[in-house]
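> Structure, please.
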Amino acid sequence: MPQSSGSYLVYLLLYTVFWNALAAIAYRFLVIDGALAVQEALFFFMAGLLLIVSGAIRSLSPLIKSRNGRCPIVGSFYLSGLLLIVYANLA
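From the prediction side, this is the model:
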């Protein structure tokens, strides 16, 4: 059963907020606490790149292709990755 456009956008927004919150928590624990010695821009660029690659791998899954609807998780991976890369370039 395909999703309506409104529910897809709600799920996309919620998942995007979730992935970006996880990136901020990881930044807090890894970079600020000193476990990882990298600059802020490099950390968020690499996190964004990881999310884009994860979205590309998930979109190639046969389970995702067999459904008739769009997957908001894949879209949120791409959107979160792009937002983190844009933030890294602005920081």
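
> Which of the helices or strands spans V38?
Counting by DSSP states H and E, no helix or strand carries V38.

> How about the contacts made by it?
Contacts here follow CB atoms under 8 Å, 6 or more residues apart in numbering; on that basis V38 touches 31, 46. For glycine as for every other residue, the C-beta is placed from the backbone atoms N, C-alpha and C.

> all helices of the chain, in order?
Shown for the chain, the helices assigned by DSSP state H span residues 5-27, 40-59, 62-66, 72-90.

> chain center to the longest one: distance?
Between the mean C-alpha location of helix 5-27 and the chain-wide mean there is a distance of 7 Å, by CA atoms, centre = their mean, to the nearest Å.

> got a list of contacts for stretch 47-54?
19, 23, 26-27, 77-78, 80-85, 87-88.

> that older thread, tell me, which of the helices of the chain is the model least confident about?
When the helices of the chain are ranked by mean pLDDT, helix 62-66 comes last with a mean of 68.

> you'd agree L12 is up against Y78?
No: because the distance of 9.8 Å does not satisfy CB atoms under 8 Å, L12 is recorded as not touching Y78.

> Tell me which residues touch the residue lying closest to W19 once chain neighbours are set aside, please.
Nearest residue to W19 in three dimensions, chain neighbours excluded: S80, at 3.9 Å (CB to CB, 6 or more residues apart in numbering). Contacts were defined as CB under 8 Å, 6+ apart; by that measure S80 touches 15-16, 19-20, 23, 48, 51.

> what do you get for N89?
Taking CB under 8 Å, 6+ apart, we find N89 in contact with 41, 45.

> how does it look with 7 Å?
By CB atoms under 7 Å, 6 or more residues apart in numbering, N89 lies in contact with nothing.

> Kindly provide the distance from it to A37.
N89 is 21 Å from A37, where distance means CB to CB, to the nearest Å.
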